[in-house]
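*Asks:* predicted model follows, preceded by the sequence.
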Amino acid sequence: MAETIGAATVTLEQAEAFLRDFAKMSEFGATPNGGVDRQAASEADIAQRRWFAGLLESHGFRVEYDRIGNQFGLLELMPGAPYVVVGSHMDSQPTAGRYDGAYGVLAGAHAAFRLAEEWRAEAVIPRYNLAVVNWFNEEGSRFVPSMMGSSVYTGVLPVGQALATTDRAGVSVAEALAPTGFLGDGDGPPAAFCAEIHIEQGRLLENAGTTIGLVSASWAASKYVVTVEGAQAHSGATIMDDRQDALYGAALLVVFARELADRFPGALHTAVGQLDVYPNSPVVVASEVKLLLDLRCADEAVLAEANALLHERFAEIERVANVGISQTLSHEWGINPYQPEGVALARAAAERLGYAHGEILTVAGHDSINMKEMVPTVMLFVPSVEGVSHNEGEYTRDDDLVAGLDVLTDVVRRLAHG
Ligand code: GLV
Ligand code: MN
Ligand code: MN
Ligand code: MN
């Protein structure tokens, strides 16, 4: 028997292979401060996808792309049966950590590799086939909205709309993907179940001394694209009463977002994450500001109230700053639970393998939030040191990464056997 870590079933050799591949992945789009920049369909994302395709193929998985560039590694042992889809996303924010998304894709792949070996050695045919997935553009940092690949796969976002979406330089998803060879023409493999593992991106697991988070539901979210329209003017010469300063209007909104969260302590998280100021020049009063405003809430009634207050404030700011405000909801989701049977399955796996575990909600968005509306879905978390995320300093300890791989493997094994 190969030596294992604690009560785990991952051998040292498997753990080392996983960590070696993870170190390799972290080289794609590596930034000087130890993070990554791998926005969707960027050079780094493309290079990493090529490398990942090679890894999948070297383990006997067939690589396929659907109409929105989701990357699948398929192991079809049961002809015609639907798939257990396991993975996450490899795209990142512009100055991101190494773990967000990439960890879940690689853990999904290594879980699948191990099961493939097991089944070959024991001549076992599982009930369902296996698909490792790397969802396209989960982050939404280059193309809004986030979770784009899984939204198209699950039918909540029309593929034509997704392909026509442009980045801030005016390049569409279709234009970015077409030359890469990652744009297929099918719908992707049919799913029977889904599993995803991810870093927590918060500090609850660490604070509780828990290794495995069993995600039972998501916080709700409302994400706005807001345009504040004013009039371009001389920032010195124009008298104050004549001004229609779009940046002033936007600034009031940024401040209000924070004040709104402070009204619902602990229940509501808000931020403006991106501002585009036009013409963004010295000595010029801004004519237009486009901003992305994000509300997350653990309580749908509170979120509805916060949205109503936000709309009242839009109208006030239009008056106070003498600007026009238009807005659209680019993305929203509710507090829908993950299937309790999936949570129970994950709990049993963590228990059997001897890891401290507990239920947790996800505040961040994940592709599994889409998938759970289509098929029974299991979502697992491992701790993030000090909760740091969307930051180059994001860190998860190796033994937690391996513990997550161990539990994920057991979960996928059980799902595949039905
Ligand atoms: C996406 O990652 C989100 O949390 O919205
Ligand atoms: Mn992620
Ligand atoms: Mn992220
Ligand atoms: Mn996310």
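*Replies:* Cool, the structure landed. Ligands and ions are numbered 1, 2, ... in the order given.
*Asks:* distance of residue 95 from ligand 2?
*Replies:* Computed as Cβ to the ion, to the nearest Å, the residue 95 to ligand 2 distance reads 15 Å. C-beta here means a position set from N, CA and C on the backbone, and glycine is covered the same way.
*Asks:* ok, for the residue of the stretch 101-250 of the chain found nearest ligand 2, nearest residue in space, not its chain neighbours?
*Replies:* Ranking the residues of the stretch 101-250 of the chain by distance to ligand 2 (Cβ to the ion) places residue 101 first, at 4.0 Å. The shortest distance from residue 101 to any non-neighbouring residue, by Cβ to Cβ, 6 or more residues apart in numbering, is to residue 89 (4.0 Å).
*Asks:* tell me, how many residues neighbour that neighbour?
*Replies:* Counted with other Cβ atoms under 10 Å, residues neighbouring residue 89 total 31.
*Asks:* which residues touch it?
*Replies:* 101-102, 104-105, 134-139, 149, 367 (Cβ atoms under 8 Å, 6 or more residues apart in numbering).
*Asks:* the residues you listed in strands, which ones?
*Replies:* The subset of the contacts of residue 89 located in strands under the criterion DSSP state E comprises 134-135.
*Asks:* can you give me the helices for the stretch 51-200 of the chain?
*Replies:* Shown for the stretch 51-200 of the chain, the helices assigned by DSSP state H, counting those that start in this stretch span residues 102-122, 148-153, 159-164, 173-177.
*Asks:* among those helices, which is nearest residue 242?
*Replies:* Among those, helix 159-164 comes nearest to residue 242, with 38.8 Å by Cβ to Cβ.
*Asks:* tabulate the CA atom coordinates of that closest one in CSV.
*Replies:* Coordinates of each C-alpha in helix 159-164 appear next as CSV, following Å, rounded to 0.1, in the frame of the first residue of the first chain:
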residue,chain,number,x,y,z
VAL,A,159,-25.7,31.9,-27.0
GLY,A,160,-26.1,34.6,-29.7
GLN,A,161,-26.2,37.3,-26.9
ALA,A,162,-23.1,35.8,-25.2
LEU,A,163,-21.1,35.6,-28.5
ALA,A,164,-22.0,39.2,-29.3
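*Asks:* quickly list what residue 198 is bridged to.
*Replies:* residue 381 (DSSP bridges).
*Asks:* list the contacts of the closest residue to ligand 1 within the stretch 101-250 of the chain.
*Replies:* Nearest residue of the stretch 101-250 of the chain to ligand 1: residue 146, at 4.1 Å (Cβ to the nearest ligand atom). Residues in contact with residue 146, defined by Cβ under 8 Å, 6+ apart, are 137-140, 223, 331, 365.
*Asks:* give me the element residue 292 is part of.
*Replies:* Per DSSP states H and E: residue 292 is located in strand 288-297.
*Asks:* oh, I was asking about residue 332
*Replies:* strand 324-333.
*Asks:* just how off-centre is the next helix or strand after that strand within its chain?
*Replies:* Once strand 324-333 ends, the next helix or strand along the chain (criterion: DSSP H and E) is helix 340-353. In terms of Cα atoms, centre = their mean, to the nearest Å, the centre of helix 340-353 is set 23 Å apart from its chain centre.
*Asks:* what do you get for stretch 17-37?
*Replies:* Taking Cα atoms, centre = their mean, one finds stretch 17-37 lying 18 Å from the centre of the chain it belongs to.
*Asks:* cool, stretch 228-236 as well?
*Replies:* Distance, centroid of stretch 228-236 to centroid of chain: 37 Å (Cα atoms, centre = their mean).
*Asks:* from one end of it to the other, what's the distance?
*Replies:* With Cα to Cα, to the nearest Å as the measure, stretch 228-236 spans 21 Å from end to end.
*Asks:* hmm, who's touching it?
*Replies:* 242-250, 253, 279, 282-291, 317, 321-326.
*Asks:* output the set of residues of this structure in proximity to ligand 4.
*Replies:* 364-365 (Cβ under 5 Å from the ion).
*Asks:* circling back to that earlier point, against ligand 1, how distant is the residue nearest to residue 101?
*Replies:* 8 Å (Cβ to the nearest ligand atom, to the nearest Å).
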